[in-house]
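Chemist: Any chance you could fold what I've pasted below:
(chains A, B, C and D)
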Protein chains: 2
Amino acid sequence: MSRKAFQRLSLDDRRRSLMEATLVCVAQHGLHGATVRRIAEEADVTAGLVRHYFGSKDEMIRTAYAYLVGQLTARASDSARQTEGDADRQLRQFLRANVTLPNLSEQKVSLWATFIGRVRYDPQFAEIHREGYREFLNLLEALVEPVLMAHKRPHSATICKRHAIALNGLIDGLWMEGSLNSGLYSQALLPDILVEASERLLGLPPGSLSKPRTTQEQ
Amino acid sequence: MSRKAFQRLSLDDRRRSLMEATLVCVAQHGLHGATVRRIAEEADVTAGLVRHYFGSKDEMIRTAYAYLVGQLTARASDSARQTEGDADRQLRQFLRANVTLPNLSEQKVSLWATFIGRVRYDPQFAEIHREGYREFLNLLEALVEPVLMAHKRPHSATICKRHAIALNGLIDGLWMEGSLNSGLYSQALLPDILVEASERLLGLPPGSLSKPRTTQEQ
DNA sequence: CGTATAATTATTCAAATGTATAACTACTGA
DNA sequence: TCAGTAGTTATACATTTGAATAATTATACG
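Modeler: Next comes the predicted model:
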């Protein structure tokens, strides 16, 4: 009767591996079906490791939630930051990144929803959510302001915040819709719908976000 | 040692009572914490009744989900139908009803999110979701078309559907945001933000939805 | 007022779950 | 090459869980 062969991983690698296994299990089986044993099996380790790396199952799940939120925001933010061009193009790119792969993923939406469902009644989840929301809203405000300025639209702090809230709502809503109802209409439409809708929300001239001039044309 | 005194309820009353207890428990403790025993206690009955009225715990939870979805849509729909006035006012009222009490409730959003998280991997939840989504989108399309016509805007079936999708995304997103982040900004702003944003999305003249003329003024 | 019956309670059971602890082994450094 | 150690496995355990069954009783009906 030989023991299972195993490999030692660095602290970071093992933790990440366990968090990712956690996310897979929560997505597939929900919080109630994501048992320590199943998560351990997904990560190809035994259940005892959970306690070793995280104090408890709940702690591991919370950490995985924060990991997910960070990933989602970072992807969209990076996408905007790596874009060459004026404010319009950067906002456009940020918007599109939210409803495009890899962020537009049924698994990620499922996960996000599952966790959101706990925010109201679990203070620790609430804290993670609040922090992520604040960061996302700040990013959005920072992208919106220069666009409004460039188009000579009102751009007070209050107005920017209001726009950011509405935009964030639109993004979240379409992101969920798009991932959950992939059969009902083409996901390829989503980025266009979002960008055009955002254009209208901000009161920009038609085409300023949806048909941006290339850098050369400017 | 006397037994617990109990009252016999009609089939409908008992089922509704159990479904509502289920929703309370799922909201408070999540799907994993909503045990048969807890739900039974919430409904002030013993656990055996669950099996009697629903084949299993899972069946009861599914039924409760469908019950919730129906309630949400009905509330918004009724609100619009009971509104006197032109197409603008009806759409306005429908929109506002989605981000106003009783639909704007942290518990309902939590519930909704929790269930949405299961849609992707559970075909039975998916069916309930799809049906509810379809119904909501149809309602929205039917409200949007006459508004576009009245304002002499393009209103082909394709355009109406596209608008309905974007509006639905906006509604869902703001609904969630508003319920989850009540601390960050006043919930009283939500209906206005939604109506103004919808106005822009549909390309309507400013004020046509957000500052509707009263019936007398028309 | 009595009786049938189905709604409800009370109890039981096997399986699953989170956690705790002990045993083992892959890797590190000398 | 060889210990030492910490990462990892294996096992054990008390609790909880969903479900099944038996025992009671509220209510409708004649």
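Chemist: Excluding chain neighbours, give the residue nearest to the residue nearest the centre of chain A in space.
Modeler: Centroid check for chain A by Cα atoms, centre = their mean gives A:Leu72 as the closest residue, at 2.7 Å. Nearest residue to A:Leu72, sequence neighbours excluded (Cβ to Cβ, 6 or more residues apart in numbering or on different chains): A:Asn103, at 5.8 Å. Where C-beta positions appear, they are placed from N, C-alpha and C, glycine not excepted.
Chemist: thinking again about what came up before, so which strand or helix has the residue nearest to the centre of chain A?
Modeler: For A:Leu72, the host element (DSSP states H and E) is helix A:57-81.
Chemist: got a list of what the residue nearest to A:Leu72 touches?
Modeler: A:Asn103 makes contact with A:Leu72, A:Arg75, A:Ala76, A:Ala97, A:Trp175, according to Cβ atoms under 8 Å, 6 or more residues apart in numbering or on different chains.
Chemist: Residues of chain A that sit close to DNA strand C?
Modeler: Contacts of chain A with DNA strand C, taken as Cβ under 7 Å from any atom of the strand, map to A:2-3, A:5-8, A:33-38, A:47-48, A:50-51, A:56-58.
Chemist: List the contacts of the residue of chain A found nearest DNA strand D.
Modeler: When scored by Cβ to the nearest atom of the strand, chain A has A:Gly48 as its residue closest to DNA strand D, at 2.9 Å. By Cβ under 8 Å, 6+ apart, the contact set of A:Gly48 is empty.
Chemist: Look up how far A:Tyr65 lies from it.
Modeler: A:Gly48 sits 23 Å away from A:Tyr65, going by Cβ to Cβ, to the nearest Å.
Chemist: picking that back up, quick one: residues contacting the residue nearest to the centre of chain A.
Modeler: Taking Cβ under 8 Å, 6+ apart, we find A:Leu72 in contact with A:Asn103, A:Lys108, A:Trp112.
Chemist: ditto for A:Thr114
Modeler: By Cβ under 8 Å, 6+ apart, the contact set of A:Thr114 is A:Val26, A:Ala27, A:Gly30, A:Leu31, B:Ala113, B:Thr114, B:Gly117, B:Arg118.
Chemist: Recalculate using a threshold of 7 Å.
Modeler: Going by Cβ atoms under 7 Å, 6 or more residues apart in numbering or on different chains, A:Thr114 touches A:Val26, A:Gly30, A:Leu31, B:Thr114, B:Gly117.
Chemist: Skip the chain neighbours and tell me the closest residue to it.
Modeler: B:Gly117 (3.2 Å).
Chemist: Enumerate the residues of chain A near DNA strand D.
Modeler: So chain A meets DNA strand D at A:1, A:3-4, A:6-9, A:11, A:14, A:44-49, A:52-53 (Cβ under 7 Å from any atom of the strand).
Chemist: list the buried ones in the strand or helix carrying A:Thr114?
Modeler: Per DSSP H and E: A:Thr114 is located in helix A:106-119. Neighbour-count burial for helix A:106-119, counted by 16 or more other Cβ atoms under 10 Å in any protein chain shown, picks out A:Lys108, A:Val109, A:Ser110, A:Leu111, A:Trp112, A:Ala113, A:Thr114, A:Phe115, A:Ile116, A:Gly117, A:Arg118, A:Val119.
Chemist: Could you check how far it is from the centre of its chain?
Modeler: Helix A:106-119 sits 10 Å away from the centroid of its parent chain (Cα atoms, centre = their mean, to the nearest Å).
Chemist: could you check the angle helix A:57-81 makes with that helix?
Modeler: Here helix A:106-119 runs at an angle of 120 degrees relative to helix A:57-81 (axes from the mean of the first three to the mean of the last three Cα atoms, to 10 degrees).
Chemist: Over the next helix or strand after helix A:106-119, what's the mean pLDDT, rounded is fine.
Modeler: Sequence-wise, the next helix or strand downstream of helix A:106-119 (DSSP H and E) is helix A:123-150. Regarding helix A:123-150, the rounded mean pLDDT is 95.
Chemist: Quick check: buried residues in whichever helix or strand comes after helix A:123-150?
Modeler: As assigned by DSSP H and E, the chain's next helix or strand after helix A:123-150 is helix A:157-180. Burial within helix A:157-180, assessed by neighbour count using 16+ other Cβ under 10 Å, is assigned to A:160-180.
Chemist: pLDDT (mean, whole number) over helix A:157-180?
Modeler: Per-residue scores along helix A:157-180 average to 88.
Chemist: now do stretch A:197-208
Modeler: 90.
Chemist: So is that stretch next to chain B?
Modeler: Yes - interface with chain B: stretch A:197-208 contributes A:Ala197, A:Arg200, A:Leu201, A:Gly203 (Cβ under 7 Å from any Cβ of the partner chain).
Chemist: who's in contact with the third one?
Modeler: Okay, so that is A:Leu201. Residues near A:Leu201 by Cβ under 7 Å, 6+ apart: A:His163, A:Ala166, A:Leu167, A:Leu170, B:Ala197, B:Arg200, B:Leu201.
Chemist: The residue lying closest to A:Arg16 once chain neighbours are set aside: neighbouring residues, count only.
Modeler: Once flanking residues are discounted, A:Arg16 sits nearest to A:Tyr67: 7.8 Å by Cβ to Cβ, 6+ apart. Neighbour count of A:Tyr67, defined by other Cβ atoms under 10 Å in any protein chain shown: 16.
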